[in-house]
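Chemist: coordinates only, sequence not included:
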């Protein structure tokens, strides 16, 4: 009887230590981020957003716009804007997007990373209008994540962002999960 009790206590201790390690790892990975609950905006999910200490001009108050039934805009100050769109069961949206990244006469496109459900790419202006020594370079993120039965597209603004902001956005995109109660 005493041995069974000791074994149960030991297993409970191991479980709680492991649980604390997981919570500590999450908090370390998302240092300078805050969790945002999207359920008040008809999206049963959470997302980590950079806070004011991240050094990108993120405001303390995250703003979420949900004007259309299937679109959301998550903003943390003027330099951090993520656009989320519900694509239903359209699992092929990511492949369609990858095909659309082909270079054209205006921009050279370079894939920086492709992790399956998340792509980071750079766009560079090919023709330098009036000022050839300045190169227009912008960074972009595109992701298609399945939550439950639906696919959600997450991307930054069309004009792009700095590499620093994109790296923070990548962490945010990777944190996009169904809300746990």
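Modeler: That came through fine. In this text, all values refer to a predicted model and were calculated from it rather than measured experimentally.

Chemist: ranges for the strands of this structure?
Modeler: All strands of the chain, identified by DSSP state E, fall at 33-37, 45-50, 63-68, 71-75, 81-86, 107-114, 118-125, 137-147, 150-155, 177-178.

Chemist: ok, residue 139 to residue 125 distance?
Modeler: Separation of residue 139 from residue 125 (Cβ to Cβ, to the nearest Å): 13 Å. Every C-beta, even on glycine, is put in place using the N, C-alpha and C of the backbone.

Chemist: now residue 98
Modeler: 21 Å.

Chemist: One more: residue 147?
Modeler: Applying Cβ to Cβ to residue 147 and residue 125 gives a distance of 35 Å.

Chemist: Ok, residue 175 next?
Modeler: Distance from residue 175 to residue 125, by Cβ to Cβ: 32 Å.

Chemist: Which of these two has more residues huddled nearby?
Modeler: Set residue 175 next to residue 125 and count neighbours by other Cβ atoms under 10 Å: residue 175 wins out with 18 against 14.

Chemist: Look up how far residue 69 lies from that one.
Modeler: Distance, residue 175 to residue 69, by Cβ to Cβ: 24 Å.

Chemist: ditto for residue 109
Modeler: Counting by Cβ to Cβ - residue 109 and residue 69 are separated by 31 Å.

Chemist: Equivalent analysis for residue 101, please.
Modeler: 28 Å.

Chemist: Among these two, which residue is more densely surrounded?
Modeler: residue 101 (16 against 7).

Chemist: need the contact list for the residue nearest to that one when sequence neighbours are not counted.
Modeler: Counting by Cβ to Cβ, 6 or more residues apart in numbering, residue 109 is the residue found nearest to residue 101 once chain neighbours are left out, at 5.1 Å. Shown in contact with residue 109 (Cβ atoms under 8 Å, 6 or more residues apart in numbering): 101, 102, 103, 121, 122, 123.

Chemist: Check those and tell me the two furthest apart.
Modeler: Distance extremes for the contacts of residue 109: the farthest pair is 102 and 122 at 14.4 Å, using Cβ to Cβ.
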